[in-house]
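*Asks:* With the input below, show me the fold.
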Amino acid sequence: MVLLKALSLLPNRSRLQRTLLDTTHILGSVCSVSQNAAFATQTTSAVHTKVENIRNIGISAHIDSGKTTLSERILFYTGRIAEMHEVRGKDSVGAKMDSMELERERGITIQSAATYTEWKNTSINIIDTPGHVDFTVEVERALRVLDGAVLVLCAVGGVQSQSYTVDRQMKRYNVPCLAFINKLDRQGSNPARVLNQLRTKLMHNAAFINLPIGLESNCKGIVDLIQQKAIYFEGQQGLVLREDEIPQEMRTEAIHRQEELIEHVANVDGVLGEMFLEEKKPSPDQLMAAVRRSCLQRKFTPVLVGTALKNKGIQPLLDAVVSYLPYPSEVQNHALDESAEKESRKVILNPARNDENPVVSLAFKLEAGRFGQLTYLRMYQGCLRKGDYIWNTRTGKKTKVSRLVRMHSDEMEDVTEAFAGDICALFGIECASGDTFVNQPNLHLSMESIFVPEPVISMSLKPAHPKDLDNFSKAINRFTREDPTFRVYYDADNKETIAQGMGELHLEIYAQRMGREYGCQCVMGKPKVSFRETLLQPVEFDYLHKKQSGGSGQYGRIIGILENLPPEDYTKVEFSDETSGTNVPKPFIPAIKKGYMQALEKGALSGHKLSGLKLRLQDGDHHIVDSNEISFIMATHGAIKQCYEYGAWGLIEPVMTVEVTAPVEYQGAVMGQINRRGGIITGQESSEGYFSLYAEVPLNDMFGYATELRSATQGKGEFTMEYCRYALCKPAVQEQLIRQYQESLGQGTASSSKKKQRS
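*Replies:* Now for the predicted structure:
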């Protein structure tokens, strides 16, 4: 570099400088190739790494906080990849961890991606997770199998909606974490404000362990508060680290922030607390040990700063991952012993990296690869080798491990064995997400399953062309196996396929993937609600079906009462035979019941099914020659039509029990939304800054609520709903449904045209 600067001062320098630049580029390429070759030799023996030198971490954050860019920088600085690419790269390559074409087009992470690398003789397994709330199950199952995490926060946006969700998931699985405040180069970045939000909104006992030297366009480096030194990232890609004294203007702030760090750690660590009370200043090693102890217990969150896009602060973050996050044996993992003789009890798993203990592993992610289903496994105990046999403890199915690989995004590298603490992948195993695998058939151990949130949105889904039905079925089968929050069922009432998911984007992505990966273009729409027609008060009927066409005809008469059932039985239909004598012969009673069930399939008001009815058959008549089964079936159809003419009818709709959870400051907005949707609030409660609202809302009024709730609560609100009961529709809804049905039959348009002609 010095030589190049000197050359720039010489006249007629262009040819010589260009030659030297070419030479430098070739040397750099050779260096990067040799660096990768060295990495390859290291990773072949990675499975034999000591357990103390392994870290399993996830990178989680809100949308657009820079997770994938950070992963790209980590892979580059550890020598895993030769060059860096951006999330929306101009060279059409895209980030390594965004392997799906849709991810590179949209610039978002859709599926979590796994890789592994090495930093200072420590093997690091990394899972980059999506930030969008619609793909929250990817974060859920990643955190279930990881030992530590990096919570990435934007220096401008701070703690945002998905930050709350990710933080709750980390608490659920008791995952220690570091906080990394990214995007210091952005206009308006304020890491001090983000730290305050981390303390007040997420309730973390957090403090800086490094400080930025300058912000926005003046970001030059960072200050290490523990070692009390400045670090500058020099060279074109920040590869050269230069340590120097802390700048004069920052020394006061650095001392103050170090005292703040010691105080926060001393509040939760006994050893440092005693030194603090004795007014002894800890050495850097003592302070690092105290930070590690409190971080592992989730009592303290170290906060680091940097900018991944401008290549600053990544190496200190890697050092912090190695120094403060746990290795597998520091995390106590349990399995449930489900032997037939005894009740389920917790068994502590041994994380030793040897084959002295039986294999216990968890399948946490499924993916359709080029060679069949790819199953991601987290090894919790024992050693799994290529050629071994394993058993699925849920199904009891035995499978041979024909191929064992380690994943690097969408690439894979074959390995011969995997030990406790490793994350690997297998081919050709039929299983579900959350299944436990062991290598002994009589070992009935089961890992605690992954928490799967309930879907919040439903849409109808069908192929655009009937010829694509086979591919549509294959795609549905694959995607529902891979993603437990994507559910599909067939609604027999409305004769349409319903897809359920975590949001509109979630379902839209799957519809696009069906078109790209299976050549099956899909049409999505609002699903129909299963309305029902019911009787409001009992009505008597006396109907005679008589048909004579030469020869034997048809004759059947039935007399009785059609009654309405109470509201709690709106979904039921009943039939009661109260006849006596031989006016209606007993062999014809099943035909009358069959005709009754057929007549309930389609009502005359809106075309929906009938329910909440009881038919009491009291009397009738028959003909010795002309009466037969079809006669009494038709007589029953006619009797129901007669009841429509003389009875009072109404429409009923499903009502859902809805539970909304959101921060307390949005309570008024959420209650207003529920009231506008015709909901009845049945109760509410609040704790730790959040409130839960319970209500009963008609299903027809719940469509689009997921998007509206997220907008009103800045993405921090979430809700669940389940079927409660059927209830009478509002008059306006009933009139609209009747009018739509009449128009579909041509009655509404005909009557309106007659009115026009009269006028």
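*Asks:* quick one: contacts of the helix or strand harbouring residue 407?
*Replies:* Per DSSP states H and E, residue 407 falls inside strand 404-408. Applying CB atoms under 8 Å, 6 or more residues apart in numbering, the contact partners of strand 404-408 are 43, 46, 80, 96, 113-116, 376, 384-386, 412-418, 422-427. In short, each C-beta sits where N, CA and C put it, glycine included.
*Asks:* Report the beta-bridge partner residues of the nearest residue to residue 332 once chain neighbours are set aside.
*Replies:* Distance criterion CB to CB, 6 or more residues apart in numbering; nearest residue to residue 332, sequence neighbours excluded, is residue 348 at 6.3 Å. With DSSP bridges as the criterion, residue 348 is bridged to residue 334.
*Asks:* ok, residue 274 - how many residues close by?
*Replies:* By the criterion of other CB atoms under 10 Å, residue 274 has 11 neighbours.
*Asks:* Find the helix or strand that it is a member of.
*Replies:* helix 270-277.
*Asks:* what's the spacing between that helix and its chain's center?
*Replies:* The chain centroid and the centroid of helix 270-277 are separated by 42 Å under CA atoms, centre = their mean, to the nearest Å.
*Asks:* One more: stretch 638-645?
*Replies:* 50 Å.
*Asks:* Give the residue spans of the stretch 151-300 of the chain that score low on pLDDT.
*Replies:* 161 (pLDDT under 70).
*Asks:* That one: strands as residue ranges?
*Replies:* Taking DSSP state E, counting those that start in this stretch as the test, the strands found in the stretch 151-300 of the chain are 177-182, 206-208, 210-213, 221-224, 229-234, 240-244.
*Asks:* Show me what the fourth one is packed against.
*Replies:* Strand 221-224 sits against strand 210-213, strand 229-234, with contacts defined as 3 or more CB pairs under 8 Å, 6 or more residues apart in numbering; DSSP states H and E.
*Asks:* before we move on, back to that, C-alpha coordinates for the next helix or strand after the strand holding residue 407, CSV please?
*Replies:* Helices and strands here follow DSSP H and E; after strand 404-408, the next one along the chain is strand 411-414. In CSV, the C-alpha atoms belonging to strand 411-414 read as follows (Å, rounded to 0.1, in the frame of the first residue of the first chain):
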residue,chain,number,x,y,z
GLU,A,411,-23.8,-26.3,0.2
MET,A,412,-22.9,-29.4,2.1
GLU,A,413,-19.7,-31.2,3.1
ASP,A,414,-19.6,-34.9,3.9
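*Asks:* List the buried residues of strand 411-414.
*Replies:* residue 412 (16 or more other CB atoms under 10 Å).
*Asks:* pLDDT on it, on average?
*Replies:* For strand 411-414, the mean pLDDT works out to 80.
*Asks:* thinking again about what came up before, let me know which of the helices and strands packed on strand 221-224 is the nearest to residue 287.
*Replies:* Nearest to residue 287, of all the helices and strands packed on strand 221-224, is strand 210-213, at 13.0 Å by CB to CB.
*Asks:* so what strands line up beside that closest one?
*Replies:* Counting by DSSP bridges, the strands paired with strand 210-213 are strand 221-224 (antiparallel).
*Asks:* ok, and what's touching the strand it pairs with?
*Replies:* Against strand 221-224 from outside (CB under 8 Å, 6+ apart): 209-214, 229-233, 246, 250, 254, 305-306, 312-313, 316.
*Asks:* Send me stretch 352-369 as CSV with only the CA atoms.
*Replies:* Extracted in CSV, the C-alpha atoms of stretch 352-369 (Å, rounded to 0.1, in the frame of the first residue of the first chain):
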residue,chain,number,x,y,z
ALA,A,352,-19.1,-35.4,26.5
ARG,A,353,-17.7,-35.7,22.9
ASN,A,354,-17.2,-39.5,22.8
ASP,A,355,-19.2,-42.6,22.0
GLU,A,356,-19.5,-43.9,25.6
ASN,A,357,-23.1,-42.7,25.8
PRO,A,358,-26.0,-43.6,23.5
VAL,A,359,-26.9,-41.1,20.8
VAL,A,360,-29.7,-38.6,21.5
SER,A,361,-30.4,-36.0,18.8
LEU,A,362,-33.3,-33.7,17.8
ALA,A,363,-34.5,-33.1,14.3
PHE,A,364,-35.3,-29.4,14.4
LYS,A,365,-35.6,-28.5,10.7
LEU,A,366,-36.7,-30.3,7.5
GLU,A,367,-35.9,-29.2,4.0
ALA,A,368,-36.4,-30.7,0.5
GLY,A,369,-32.8,-31.0,-0.9
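*Asks:* start at 34 instead
*Replies:* With 34 as the first residue, the last one maps to stretch 385-402.
*Asks:* Beyond the longest strand anywhere in the chain, next helix or strand please.
*Replies:* Counting residues, the longest strand found in the chain (DSSP state E) is strand 682-696. Using DSSP H and E, the helix or strand that follows strand 682-696 in sequence is helix 700-709.
*Asks:* Please, where are all the strands along the stretch 684-792 of the chain?
*Replies:* Assigned by DSSP E, counting those that start in this stretch, the strands in the stretch 684-792 of the chain fall at 713-720, 723-731, 751-761.
*Asks:* same check, this time on the stretch 434-583 of the chain
*Replies:* 437-441, 444-447, 450-452, 456-460, 469-471, 478-480, 490-496, 520-524, 529-534, 555-558, 565-568, 572-580.
*Asks:* So for residue 275, which of those strands sits nearest?
*Replies:* Of all the strands of the stretch 434-583 of the chain, strand 437-441 sits nearest to residue 275, with 31.0 Å by CB to CB.
*Asks:* Strand 456-460 and the closest one, what's the angle between them?
*Replies:* On the basis of axes from the mean of the first three to the mean of the last three CA atoms, to 10 degrees, strand 437-441 is oriented at 120 degrees to strand 456-460.
*Asks:* Check which strands are paired with strand 437-441 and give the direction for each one.
*Replies:* strand 444-447 (antiparallel), strand 456-460 (antiparallel).
*Asks:* how about it: buried residues?
*Replies:* 437-441.
*Asks:* For that strand, give the mean pLDDT please.
*Replies:* 83.
*Asks:* check contacts around the closest residue to residue 200 other than its chain neighbours.
*Replies:* For residue 200, ignoring the flanking residues on the chain, the nearest one in space by CB to CB, 6+ apart is residue 235 at 5.0 Å. Residues counted as contacts of residue 235 (CB under 8 Å, 6+ apart) are 192, 196-197, 200.
*Asks:* For those residues, could you give me JSON lines that also reports distance to residue 623 and neighbour count?
*Replies:* Listed next are the contacts of residue 235 as JSON lines, based on distance: CB to CB, whole Å; neighbours: other CB atoms under 10 Å:
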{"residue": "192", "distance to residue 623": "67", "neighbour count": "24"}
{"residue": "196", "distance to residue 623": "63", "neighbour count": "27"}
{"residue": "197", "distance to residue 623": "60", "neighbour count": "23"}
{"residue": "200", "distance to residue 623": "62", "neighbour count": "20"}
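*Asks:* I'd like to know which of those residues are part of helices.
*Replies:* Among the contacts of residue 235, the members falling in helices (DSSP state H) are 196-197, 200.
*Asks:* which among the residues you listed gets closest to residue 725?
*Replies:* residue 197 (14.8 Å).
*Asks:* from the contacts of residue 235, which single one is nearest residue 776?
*Replies:* residue 197 (46.5 Å).
*Asks:* Per-residue pLDDT of the closest residue to the closest one other than its chain neighbours, please?
*Replies:* Spatial nearest neighbour of residue 197, excluding adjacent residues (CB to CB, 6+ apart): residue 749 at 5.5 Å. Per-residue confidence for residue 749 comes out at a pLDDT of 79.
*Asks:* burial measure for residue 749, as a count.
*Replies:* Residues contacting residue 749 under the criterion other CB under 10 Å number 23.
*Asks:* List phi and psi for it.
*Replies:* For residue 749, the backbone dihedrals are phi -90, psi -10 (criterion: degrees, to the nearest 10).
*Asks:* Over to residue 455?
*Replies:* phi -90, psi 160.
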